[in-house]
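Participant: Quick one, structure for this:
(chains A, B, C and D)
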4 protein chains.
Amino acid sequence: MKHILLMNGPDNKGLIYNVTHVLYNHNQNIISQDEYVSPSKQFFMRTEFEGEGDPEKIINDLYSTLPTGINLRLNPKKKKDIVVFVTKEHDCLGELLIRYAFDELDATIQAVISNYNTLQPLVSKFGIPFHFISHEHKTRNEHEEAILRTLDIYKPEYLVLAKYMRVLTTDFVQHYPHRIVNIHHSFLPAFIGANPYRQAYERGVKIIGATAHFVNDNLDEGPIIAQDVKEVDHRLTAIDMATLGKDTEKSVLSKALKLVFNDRVFIHGNRTVIL
Amino acid sequence: MKHILLMNGPDNKGLIYNVTHVLYNHNQNIISQDEYVSPSKQFFMRTEFEGEGDPEKIINDLYSTLPTGINLRLNPKKKKDIVVFVTKEHDCLGELLIRYAFDELDATIQAVISNYNTLQPLVSKFGIPFHFISHEHKTRNEHEEAILRTLDIYKPEYLVLAKYMRVLTTDFVQHYPHRIVNIHHSFLPAFIGANPYRQAYERGVKIIGATAHFVNDNLDEGPIIAQDVKEVDHRLTAIDMATLGKDTEKSVLSKALKLVFNDRVFIHGNRTVIL
Amino acid sequence: MKHILLMNGPDNKGLIYNVTHVLYNHNQNIISQDEYVSPSKQFFMRTEFEGEGDPEKIINDLYSTLPTGINLRLNPKKKKDIVVFVTKEHDCLGELLIRYAFDELDATIQAVISNYNTLQPLVSKFGIPFHFISHEHKTRNEHEEAILRTLDIYKPEYLVLAKYMRVLTTDFVQHYPHRIVNIHHSFLPAFIGANPYRQAYERGVKIIGATAHFVNDNLDEGPIIAQDVKEVDHRLTAIDMATLGKDTEKSVLSKALKLVFNDRVFIHGNRTVIL
Amino acid sequence: MKHILLMNGPDNKGLIYNVTHVLYNHNQNIISQDEYVSPSKQFFMRTEFEGEGDPEKIINDLYSTLPTGINLRLNPKKKKDIVVFVTKEHDCLGELLIRYAFDELDATIQAVISNYNTLQPLVSKFGIPFHFISHEHKTRNEHEEAILRTLDIYKPEYLVLAKYMRVLTTDFVQHYPHRIVNIHHSFLPAFIGANPYRQAYERGVKIIGATAHFVNDNLDEGPIIAQDVKEVDHRLTAIDMATLGKDTEKSVLSKALKLVFNDRVFIHGNRTVIL
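Facilitator: Next up is the predicted model:
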């Protein structure tokens, strides 16, 4: 049987030795092990191992061997439950739906929530619940409360903002700490905020990009998971850039979700450690 | 004989026709022609053509045929005279010197100016004058005046800031409008200002970059000529990023200078049009 | 009204002048014009222009002005009719279907043909005819004749091989000369033929790629339209590479089709000229 | 004190545990550890650790703890002695000389050998011996023997072929097994052999590349260390591609040498494992 062990905490002499010792005693074979020690002396490790034996005993032995302050997760749930947020753009959503339909997403899309009903026909092709929760005639708080009530039905582990064009309040974000992944259509930290392609056009950049990141209190400032770029030239208008950029947005979001859903992303302050 | 014609001004019906008509009458053969009309209706064209005939007559015929307000440049000087500015880093300078030594730079390096003498030994290998003009014990104005006096010896067409780590005043820049090319070690407009790799590290980006641009009054905000990027991960410290980034800086500066020195770069507001 | 003029043939002095002259006489305004003269002196030009006036008169004037041997196409049909071929892989097909559903494909997918029925459920979500034409118990010729009979229903302008894993005979290809676009899952000409990711793994390459090309008589040897690559390392198995490569295949095929369907691709021997 | 341990051999349960156990007993702190197990069950590991203690005792304890058949290297020599081979092109050589002059190469360039004297002036600027060993009026064997006699003076650990345009015989290569690094100006395995940019032009590719690899008996077929690519279009002639490609060649060779000289490259059959 194959196991995944995630571990992080203050660095300490012998951490790797102690873990491999316990695994060796339990007759487990390490398939891969990747670790990182930050300049601030935080230790992160991801270990895949296999063998017969009781995972519960293994984790107990690990806890009793390792110093206090070390976080351990053994065998996190394989398929994450997610709810996808969209506004009107179909590109990222389409990609997620196709991947999900062929069981390539490492996640279950429980529902799609949107402040417009534009994408309902697409979502319904795939037999997934679509919740149209308009923001019109609602305060920001009322709108978010309506969303939270809908989320209560599903209790997702992650929210995926697949071109959701509304800013979430700090209150909302705190319901899902480090569990909201957003795709921003610029190479952050360039062009924070609205209309990044317009900003990119005005600035005359020769490369545009996209950034997938966790959402924290400040818009567009959470830990970055993945980024990619594409070359442009003076001939492209802001609208051309937006069209061209969609491919990058899709592939960056897909890449980031693969990393997150496979438990490869640790958060370290405002940075990610990807093992 | 081969000629290059550069042309820009307000768009107008028949501009291309009128130019090709004149060239046709003078029995010239167009080798390549590239043009661009901006959304604000500015016209830019670069034409290479060849044939016998008197260039002066051609340009006169062009002026008499084309509407007023059109700028024409026929056969700009092939090899530009340049002065290179550096501080202590050798990478971009080394690249320029090697290219120059093998006549690949499309420019003549008249001299190197630096506020440190660190790179004098490298420059002297290539037999190029090196002017060490320290900024110490001088006001900013005194320092720039000393530089301007040295520049007066050479009367260069372009200044190339090849990792010159000092900000130039507006006064200084106005002596060389759109004739100063700088390499900035970030993917502008991200990480404007000092220590961009440190900023990139702190922000936890997954891609770093470099930007070659014309210098205008505001630091790091002039028209962008070329950009490129490189992937990084959490393992890289700010110093690792700086080391890795040097390759990108070198190749971006080289690419930008090739475009500028081959008269392919038009300036359009704060953007470049590259034909 | 906006027009597109495509033109190619032997190079000749005055070609650009003659075209712009005719357009000027018809009071047309050139929006963009891009031309290329090959080392073998073949001329290619793509012109976008707009204005009132009779396109038929314009083309007649062009024919009477230009030397014989020049091919002209004015205003090629905007939306191409296409039939998509697949085997079992859904990635490229899914991308095409989503783009088609949102009218972003510049083409009408008339039908999907497959030698397996694996992808029928996906295609049917989008209301497009799916023809399952098994190759089992058929000679290669019988199979291709069955396909040709189906194609006779639709009379498509282009066939798109979106991971169709069977080699087409020369006979078949000659029914659609330069009208079959294939996506090959390697960076051609490396790894021609079957199982390119396995070949890439065995060779230990550090970069994998994908190539969209026109199909000619020799497998994987027709004119290349677009290519892209992705970095890999020793940890990836051939299967990992195949998974990772799908993103590149999708985006390269999309990019190539956009170019072909927008009439930007000229064929010049075994090369493409993209204007 | 900081140490590097390189280890490879048949995979076995407990290898990581046994190594970390020994290091723990010697009171060493692991800074980084990276390992890989191939599908054919070969184990590779690179460990950086630091602490007081006798390296000789550590390696003895490792040998007595680990199964036979495991190769260990502790603290390989930091700065490699190398001889660089060139023909007439200066780009890669210039890059190496500049890096060497500023102590960034992780190697000592003992000498440059060339079959032409074209690059002597450049090399002499840097005070490095230049051996002009013409191949004219010599058989291939006589030429290689002359080179080997020169190499005997220096006894280099690595030979770097920095655009050396002659094929080495199997006999010659066997003097430096896995110790010759070559830069090939194509994206191998595409365009093996002579004139790869000409081949690339003829094939009409949209991307060109460069490959750094170890030289084995068959030309251009040894284990690949690093590759990179650059986009091209139909406008580039074979000569344009060669010019554009030089930047890629330089950066790929630099990257590969950095990996090799920092003992990060293991050879595994015809592939490299880079840790």
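Participant: check contacts around A:Leu257.
Facilitator: Contacts for A:Leu257 were tallied using C-beta atoms under 8 Å, 6 or more residues apart in numbering or on different chains; they are A:96, A:105-107, A:160, A:181, A:212. (Glycine included, C-beta is placed from N, CA and C.)
Participant: can you pull out the helices in the stretch 1-150 of chain A?
Facilitator: A:15-25, A:55-65, A:91-101, A:120-125, A:140-154 (DSSP state H, counting those that start in this stretch).
Participant: Looking at these, spot the one closest to B:Ala238.
Facilitator: Proximity to B:Ala238 (C-beta to C-beta) singles out helix A:15-25 among the helices of the stretch 1-150 of chain A, at 25.5 Å.
Participant: circling back to that earlier point, can you put the helices of the stretch 1-150 of chain A in CSV and add distance to A:Asp217 and mean neighbour count?
Facilitator: Shown next, in CSV, are these (distance: least, C-beta to C-beta, whole Å; neighbours: other C-beta atoms under 10 Å in any protein chain shown):
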stretch, distance to A:Asp217, mean neighbour count
helix A:15-25, 32, 22
helix A:55-65, 32, 14
helix A:91-101, 23, 23
helix A:120-125, 30, 16
helix A:140-154, 14, 15
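Participant: neighbour-wise, which of the contacts of A:Leu257 leads?
Facilitator: A:Val160 (30 neighbours; other C-beta atoms under 10 Å in any protein chain shown).
Participant: Neighbouring strands - and their directions - for whichever helix or strand that one is part of?
Facilitator: Using DSSP states H and E, A:Val160 maps to strand A:158-161. Using DSSP bridges, the strands paired with strand A:158-161 are strand A:80-86 (parallel), strand A:180-184 (parallel).
Participant: Only the buried residues of the first one, if you could.
Facilitator: Going by neighbour count (16 or more other C-beta atoms under 10 Å in any protein chain shown), the buried part of strand A:80-86 is A:80, A:82-86.
Participant: Can you tell me the SS state at A:His165?
Facilitator: I think there's a mix-up here, since residue A:165 is Met and not His. Secondary structure, DSSP: H, G, I helix; E, B strand; the rest coil: A:Met165 is coil.
Participant: Leaving out the residues flanking it, which one is nearest to it?
Facilitator: Leaving aside its sequence neighbours, A:Met165 sits nearest to A:Thr87 (C-beta to C-beta, 6 or more residues apart in numbering or on different chains; 4.2 Å).
Participant: How about the residue in the stretch 101-250 of chain A positioned nearest to chain C, nearest residue that isn't a chain neighbour?
Facilitator: At 4.3 Å from chain C, A:Lys125 is the closest residue in the stretch 101-250 of chain A, using C-beta to the nearest C-beta. Distance criterion C-beta to C-beta, 6+ apart; nearest residue to A:Lys125, sequence neighbours excluded, is C:Lys125 at 4.3 Å.
Participant: which bits of the stretch 151-275 of chain A sit near chain C?
Facilitator: For the stretch 151-275 of chain A, the contact set with chain C under C-beta under 8 Å from any C-beta of the partner chain comprises A:247, A:251, A:254.
Participant: Next, the last one: secondary structure please.
Facilitator: Reducing the assignment to helix, strand or coil with three-state DSSP, the entry for A:Ser254 is helix.
Participant: give the contact list for it.
Facilitator: Contacts of A:Ser254 (C-beta under 8 Å, 6+ apart): A:95-96, A:99, C:247.
Participant: same deal with the first one?
Facilitator: A:Asp247 makes contacts with A:91, A:230, C:251, C:254, as judged by C-beta under 8 Å, 6+ apart.
Participant: Nearest to chain D among the residues you listed?
Facilitator: The nearest one, if we look at the contacts of A:Asp247 relative to chain D and count by C-beta to the nearest C-beta, is A:Lys230, at 11.2 Å.
Participant: helix or strand for the closest one, which one?
Facilitator: strand A:224-231.
Participant: tell me the mean pLDDT for that strand?
Facilitator: When pLDDT is averaged over strand A:224-231, the result is 96.
Participant: Just confirm yes or no for that strand near chain B.
Facilitator: Yes: for strand A:224-231 and chain B, the contact criterion (C-beta under 8 Å from any C-beta) is met by A:224-229.
Participant: Repeat that for stretch A:21-40.
Facilitator: Yes: Stretch A:21-40 lies within reach of chain B by C-beta under 8 Å from any C-beta, at A:36, A:38-39.
Participant: and the residues you listed as JSON lines, adding neighbour count and pLDDT?
Facilitator: Listed next are those as JSON lines, based on neighbours: other C-beta atoms under 10 Å in any protein chain shown; pLDDT from 0 to 100:
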{"residue": "A:Tyr36", "neighbour count": "20", "pLDDT": "94"}
{"residue": "A:Ser38", "neighbour count": "18", "pLDDT": "93"}
{"residue": "A:Pro39", "neighbour count": "8", "pLDDT": "92"}
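Participant: List just the nearest of those to chain D.
Facilitator: Nearest to chain D out of these is A:Tyr36 (C-beta to the nearest C-beta; 7.9 Å).
Participant: beta partners for that closest one?
Facilitator: Following DSSP bridges, A:Tyr36 is listed with bridge partners A:Phe44.
Participant: roughly how far apart are it and B:Thr237?
Facilitator: Applying C-beta to C-beta, to the nearest Å, the value for A:Tyr36 to B:Thr237 is 12 Å.
Participant: Not counting sequence-adjacent ones, nearest residue to the residue nearest in space to the middle of chain A?
Facilitator: By C-alpha atoms, centre = their mean, chain A has its centre lying nearest to A:Val181, at 4.1 Å. Leaving aside its sequence neighbours, A:Val181 sits nearest to A:Val160 (C-beta to C-beta, 6+ apart; 5.3 Å).
Participant: Kindly report the same for A:Tyr158.
Facilitator: With sequence-adjacent residues excluded and distances taken as C-beta to C-beta, 6+ apart, A:Tyr158 is closest to A:Ile82, at 4.7 Å.
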